[in-house]
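Chemist: this one's sequence-less:
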């Protein structure tokens, strides 16, 4: 996905621009951002099942009801549909943060645009545990729960075989174990980056573009003239959700296209059909 599909290139404007992360003019409401370090899989699971639980479970988060503020502009994201776990499958699922909280979003340049910071006046009310950042990733077969780890009866080849059955059925990567997976045959990350490094690079590029928008937005210019900071709106939440959507496409679909990996099992499943190494040689 091109960066422009996540956040448009900045253009100078003297009235609200729907593509600007600082437009529309923000309403005078206080929110609390739940940033990277607030990563919580249990809360993510609950909020995916019932998006209306966002505010009850994430106090101060910006609601998602498309509410129009007193200034006449929409001040919230659109209402999100539930993302439900398919419990009919033979395998379990894990509530997966598409943008990793602690491993990627935390302390990234993008956090300064959702938190009160040196760049941003106030919290925007984003939550890393929002439905828009969640995916039910396939995991351990139900019959092997509690029997998967080393020393519990399964050999490494058996675990790989089972994981591949799961991935073939789900058409998605298995979420089993750590996902800071690097390819030993591609140590420079030329074609296969680790999941978290890939996200960090995207967040840096997005943050740079948000900054560029702040240089072009009339509201930000007015704020700077008054010795105030710019104030990002819920538009940055939409930007982050578009990144989340992009990440989901990278861990689903044809295994031959995978370039980032949620688990060692996913990398091993991809390797026999990989064309990337041949492109490098």
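Modeler: All right, it came through fine. Predicted, not measured: the structure shown is a model, and the values here were computed from it. Numbering: from 1, shown residues only.
Chemist: and residue 191, how many residues sit next to it?
Modeler: For residue 191, the neighbour count with other Cβ atoms under 10 Å is 15. Glycine gets a C-beta too; all of them are placed from N, C-alpha and C.
Chemist: ugh, wrong one, residue 145
Modeler: 11.
Chemist: next one: residue 61
Modeler: 24.
Chemist: what bridges to the nearest residue to it once chain neighbours are set aside?
Modeler: Excluding its sequence neighbours, the residue lying closest to residue 61 (Cβ to Cβ, 6 or more residues apart in numbering) is residue 127, at 4.6 Å. Note on residue 127: beta-bridge partners by DSSP bridges are residue 34.
Chemist: For residue 127, list the residues it contacts.
Modeler: Applying Cβ atoms under 8 Å, 6 or more residues apart in numbering to residue 127 gives the contacts 33, 34, 38, 47, 54, 58, 61, 133.
Chemist: ok, the fifth one touching residue 130?
Modeler: When you say that, I think you mean residue 54. Yes - in this structure, residue 54 is within contact of residue 130 by Cβ atoms under 8 Å, at 6.1 Å.
Chemist: So for the two, which residues contact both of them?
Modeler: Common neighbours of residue 54 and residue 130 (Cβ under 8 Å, 6+ apart) are 47, 61, 64.
Chemist: how about the host helix or strand of the first one: buried residues?
Modeler: Element membership of residue 47, judged by DSSP states H and E, is helix 41-49. For helix 41-49, the buried set under the neighbour-count rule, 16 or more other Cβ atoms under 10 Å, comprises 43, 44, 45, 46, 47, 48, 49.
Chemist: do the same with stretch 19-34
Modeler: 20, 21, 22, 23, 24, 26, 27, 31, 32, 33, 34.
Chemist: Could you do stretch 70-80 as well?
Modeler: Judged by neighbour count (16+ other Cβ under 10 Å), stretch 70-80 contains these buried residues: 74, 75, 76, 77, 80.
Chemist: Kindly report the same for stretch 77-96.
Modeler: Residues of stretch 77-96 classed as buried by neighbour count (16+ other Cβ under 10 Å): 77, 80, 83, 91, 92, 93, 94, 95, 96.
Chemist: how about the residues you listed, which pair is most distant?
Modeler: 77 and 91 (31.3 Å; Cβ to Cβ).
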